[in-house]
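**Q** Pasting a predicted model and its sequence here:
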Amino acid sequence: MTPREIYQRMHDHWLAGEPTFDPGLLADDVVLESPFGRAEPIAGRDAVLAYVTAGHASVPFHFVGHRTRALHETADPDTIIVEYELTAAMNDSGATASAPFIAVLTVRDGKIACWREYQHTALIARAMTGSLT
């Protein structure tokens, strides 16, 4: 799969209410980085799957919208940079909020080798506490 195809599959997972990654998307030595959300990278398919599965099960919201703002090709054909926005609805109240993200996706042999995601953590925290103004 190409980086664009993998990104589309991730998009499909978000809107289907599924964890972002499935085993077939990830290289054995995949690295998941979230510099603004988690201090240390997570390495290895099993560790990444455990992390995203636990995270998916624990969040009090589900995604109801996704918009790609921009998709940038890089000098490396296996790497793209994506600017996107996710909209989520809180499970208890139905209230919605959107947040912007930027991610760098690197693919090797048709699987994700690295997903580095930059989140608007302050906005996400406010949305989680219901204090958006």
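**A** Happy to help now that I have it. Computed from a predicted structure; not experimentally measured.
**Q** how deep is residue 24 tucked in, by neighbour count?
**A** Residue 24 has 9 neighbours, counted by other Cβ atoms under 10 Å. Just so you know, the C-beta spots here come from the backbone N, C-alpha and C atoms, and that holds for glycine as well.
**Q** make that residue 127, sorry
**A** When neighbours are defined as other Cβ under 10 Å, residue 127 has 19 of them.
**Q** isn't it right up against residue 99?
**A** Yes: with contact defined as Cβ atoms under 8 Å, residue 127 counts as touching residue 99 (6.7 Å).
**Q** Give the residues shared as contacts by the two.
**A** residue 88 (Cβ atoms under 8 Å, 6 or more residues apart in numbering).
**Q** Excluding residues flanking it in the chain, which one is nearest residue 78?
**A** Computed as Cβ to Cβ, 6 or more residues apart in numbering, the closest residue to residue 78 that is not its neighbour in sequence is residue 107, at 4.9 Å.
**Q** that's a strand at that neighbour, yeah?
**A** Yes: per DSSP: H, G, I helix; E, B strand; the rest coil, residue 107 lies within a strand segment.
**Q** so what's it bridging to?
**A** With DSSP bridges applied, residue 107 shows beta-bridge pairing to residue 112.
**Q** Could you do residue 81 as well?
**A** For residue 81, the beta-bridge partners are residue 72, residue 104 (DSSP bridges).
**Q** Let me know whether it touches residue 103 as I believe.
**A** Yes: with contacts counted by Cβ under 8 Å, residue 81 reaches residue 103, the gap being 7.2 Å.
**Q** more crowded one of those two?
**A** Using other Cβ under 10 Å as the criterion, residue 81 and residue 103 rank with residue 103 on top: 19 against 15.
**Q** Pretty sure the more buried one sits against residue 84.
**A** Yes: counting by Cβ under 8 Å, residue 84 is a contact partner of residue 103 at 7.3 Å.
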